[in-house]
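>>> Below: sequence and its predicted model.
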Amino acid sequence: MTQIEEKTVNALRILAADAIQKANSGHPGLPLGAAPMAYELFANYLRFNPKNPNWTNRDRFILSAGHGSALLYALNHLFGFGLTIDDIKNFRQWGSKTPGHPEYSHTPAIEATTGPLGAGMAMAVGMAMAEAHLAKIFNKPDFPIVDNYTYVLGGDGCMMEGISSEAFSLAGTLGLNKLIVIYDSNKITIEGDTDTTFCENVEKRMAAFGFHTITVENGNDLNAISMAIKEAKSQKEKPTFITIKTKIGYGCPAKEGKACSHGEPLGAENIEALRNTLNWQCKEPFCVDQDVYDHCKQLMQKNIKEEEKWTEMFKEYSQKYPEMEKLWNQYHKEVDADKLFKDTDFWATDDKDAATRTTSGKLINIIKNHVPNIIGGSADLGPSNKTEMKDCGYFAKDNHTGKNVHYGVREQAMAAIANGIVLYGGLKAFVATFFVFSDYLKPMARLSSLMELPVTYVFTHDSIGVGEDGPTHQPVEQLAMLRSMPNFNVIRPADAIETSAAWYLAITSKKTPTALVLSRQNLPQLKSSEDRKTGALKGAYIIDREQKDTPDGIIIATGSEVDIAIKAKQELLKENIDVRVVSMPSMEIFEQQSDEYKESVLPKSVRKRLAVEALCDFGWGKYVGLDGTTLTMNTFGASAPAKVLFEKFGFTVENVVKAMKSIL
């Protein structure tokens, strides 16, 4: 390690420690221990242009151990990404560019929002998959248009979380050789030494997953770290896992190697001791000598030239392969919403009863012709979810061009990988599983929402209509769970028209993920009209209007219960009770409409309202009010045929009539 290298590594440590101390909040342990590996990667291996952080062919770096964000911000500051020293000083403060955990699109050069441990590991797998897929599609001899590595840094917590094992198992199976995982092995978590909770041989586990493994015994040895990364980049068949052994809180005598250095400021005396240990001359906080900045700036000159070379290569590529340039542009622009809207096949219906999952499967195979950059798959439930894209192949170790993905039984990693695919750029992603198993992937769906990624979640087997599989497979509370999440659209369609509207909204969404909640059982096709198409696109609409000027009441229903509500209306008319039926496939989309439109569908003057949905009632209060009621589930389901369950739990025409009359 040269003198300037050591000084720059220590500058990273000091900046992180000072930022945390000023905020009186943060995690100094990882930055102090992992600074050398981070420096070596940024200085000599990571290909990026700080003047253009979004350069398409940059290497990706994800800090999976997001609590160590102060290190990432220090790196961004020294290497010229635009974070100022004032930004570092405002660490964890209101409105700052340096929040407690890294946030995608909020801070320059942050590739993913990380915080939930292990999530960054799985998203890195998605990025590596995206790179492999796009490289196979676009690269030509002498034109490696897509040619970058994905690096991810995490610690013991990331390796303990099950999501990392799910993701790495798949990464090894797929042979993602341009994925390089760096493991900061300091053997400390919040509760103390990992010997009490984590005594496995991590390297053997990773080797079993199909990774090439390397161990660096001394986390301060830049030469050893460099040789490890170089060896990793030479791998042609396997992803690489580099274990680097460090001491948490390195350089702070009172806290080095101890759990107390993980998640609390070092304290003024310990900061002073850290400076002495590191031989840091300046005693003032946030003080970095100019030679460190000059050193980092000089290192970046080669990366600026790398982008210039790539840009020139892409110009030649476009001249030689104009059809590929056209395809490239199509991959990197938004879906042509107008063209899809005008596709009559996309909106076509017939009179045959069909499960909305079946209709969805047909739509996916129409969408793929409009959206060539779509990629997706299921958690081992493709035949049930109806998500296979015909004639598109399966993404595999020997076929990275495949657009269908066998995710295996790995719901949480599947969702995180989809996030990574979309974060990489150039691709649209969907994932699928049974609705009840949305519980497994919800944390990663939440990250989709936080990062404003339009991932599509296809959830089939949407209610007690699952039938004989029983309550373990029958979702009851999951719809309310997803509806409670900000920036997340949940759509439960009643028939083919509403399913088309649901897919249209999902695939054209720019910043909001969408859940399509689809039936297992066949549903009748409700009357078709242009009004229904536009109404469904607004989240809720009048599907069966009252005969007089003002309805006696309103029945609001979703999914399979809409047909029951319409039939109940006809029965009520026989008793001179005239109600309106509103289909509400999506509360979230409805809430985005104008006040005038919402009032036209659900007038405030009509207070007698009944919500009908074969799921829990949580969330319906805002629509039925104090004078209304719900016909919903208040228990788990049971094992029996779907028709029997609907009858036993009260989802019948007779019971809807009874419930409506009870409030009139």
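It's in.
>>> chain center to the helix or strand that K302 is a member of: distance?
Assigned by DSSP states H and E, K302 belongs to helix 290-320. Relative to the chain's own centre, helix 290-320 is displaced by 30 Å; criterion: C-alpha atoms, centre = their mean, to the nearest Å.
>>> Contacts only, for L602.
Counting by C-beta atoms under 8 Å, 6 or more residues apart in numbering, L602 touches A540, I554, I556, V582, R609, Y623. No exception for glycine: its C-beta is placed from N, CA and C like everyone else's.
>>> Over to Y151?
Applying C-beta under 8 Å, 6+ apart, the residues near Y151 are L41, Y45, L46, D59, R60, F61, I62, A124, I180, V181, I182.
>>> hmm, back to that, identify each buried residue in the helix holding K302, please.
292-293, 295-296, 299-300, 303, 306-307, 310, 314, 317-318 (16 or more other C-beta atoms under 10 Å).
>>> How about stretch 330-343?
Buried, per 16+ other C-beta under 10 Å, within stretch 330-343: Y331, V335, L340, D343.
>>> Can you tell me which of those is nearest L427?
Closest approach between these and L427, by C-beta to C-beta: Y331, at 7.2 Å.
>>> I'd assumed N373 was in contact with that closest one.
Yes: under the contact definition of C-beta atoms under 8 Å, Y331 touches N373, with a separation of 4.3 Å.
>>> Need the overlap of contacts for the two.
By C-beta under 8 Å, 6+ apart, the residues touching both Y331 and N373 are G426, L427.
>>> which non-adjacent residue is nearest P253?
Nearest residue to P253, sequence neighbours excluded (C-beta to C-beta, 6 or more residues apart in numbering): A273, at 5.4 Å.
>>> Looking at that neighbour now. What's its pLDDT?
We have a pLDDT of 98 for A273.
>>> before we move on, what about D350?
For D350, the predicted pLDDT is 89.
>>> From T359, how far out is it?
10 Å (C-beta to C-beta, to the nearest Å).
>>> ditto for Q330
For Q330, the distance to T359 - C-beta to C-beta - is 26 Å.
>>> Give the full set of residues in contact with V601.
Neighbouring residues of V601 by C-beta under 8 Å, 6+ apart: A540, Y541, I542, V582, F590.
>>> Dump the residues you listed into TSV; add pLDDT, neighbour count and secondary structure as well.
Shown next, in TSV, are the contacts of V601 (pLDDT from 0 to 100; neighbours: other C-beta atoms under 10 Å; DSSP: H, G, I helix; E, B strand; the rest coil):
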residue	pLDDT	neighbour count	secondary structure
A540	98	24	coil
Y541	98	23	strand
I542	97	18	strand
V582	98	26	strand
F590	98	19	helix
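>>> Which one of the residues you listed is nearest to L174?
F590 (40.3 Å).
>>> got a list of what that closest one touches?
Applying C-beta under 8 Å, 6+ apart, the residues near F590 are K538, G539, A540, M584, K598, V601.
>>> From T84, how far out is the second one?
In other words, G539. Counting by C-beta to C-beta - G539 and T84 are separated by 43 Å.
>>> which ones are touching R275?
The contact partners of R275, by C-beta under 8 Å, 6+ apart, come to I14, C282, K283.
>>> what secondary structure does it sit in?
For R275, the assignment made with DSSP: H, G, I helix; E, B strand; the rest coil gives helix.
>>> related to what we said a few turns ago, overlap in contacts, D350 and T359.
Contacts common to D350 and T359, judged by C-beta under 8 Å, 6+ apart, are A496.
>>> Give me the more crowded residue out of the two.
A direct count of neighbours by other C-beta atoms under 10 Å for D350 and T359 places T359 higher, at 25 against 9.
>>> just checking, next helix/strand downstream of the helix or strand hosting that one?
Here T359 sits within helix 356-370, counting by DSSP H and E. Next in sequence after helix 356-370, counting helices and strands by DSSP H and E, comes strand 374-378.
>>> Tell me which other helices or strands the helix or strand following that next one touches.
Where DSSP H and E defines the elements, the next helix or strand beyond strand 374-378 is helix 382-385. Helix 382-385 is packed against helix 356-370, strand 428-434, strand 456-460, with contacts defined by 3 or more C-beta pairs under 8 Å, 6 or more residues apart in numbering; DSSP states H and E.
>>> Can you give the strand pairings for the helix or strand following helix 382-385, parallel or anti for each?
From helix 382-385 onward toward the C-terminus, using DSSP H and E, the following helix or strand is strand 394-395. Take DSSP bridges as the rule and strand 394-395 pairs in its sheet with strand 404-406 (parallel).
>>> Can you point out the buried residues in the partner strand?
For strand 404-406, by 16+ other C-beta under 10 Å, it's N404, V405, H406.
>>> Closest one to V9 out of the residues you listed, please.
Relative to V9, the closest of those is V405; by C-beta to C-beta it sits at 39.6 Å.
>>> wait, what's in contact with that closest one?
Contacts for V405 (C-beta under 8 Å, 6+ apart) come out as M129, I375, G376, G377, Y394, F395.
>>> And for N634?
C616, D617.
>>> Tell me how far it lies from F649.
From N634 to F649 the distance is 9 Å (C-beta to C-beta).
>>> that older thread, most neighbours among the contacts of V405, which one?
That'd be G376 among these, by other C-beta under 10 Å, with 30 neighbours.
>>> List the residues that contact that one.
Neighbours of G376 in contact, by C-beta under 8 Å, 6+ apart: 364, 387, 389, 403-405, 418, 429-432, 456, 458.
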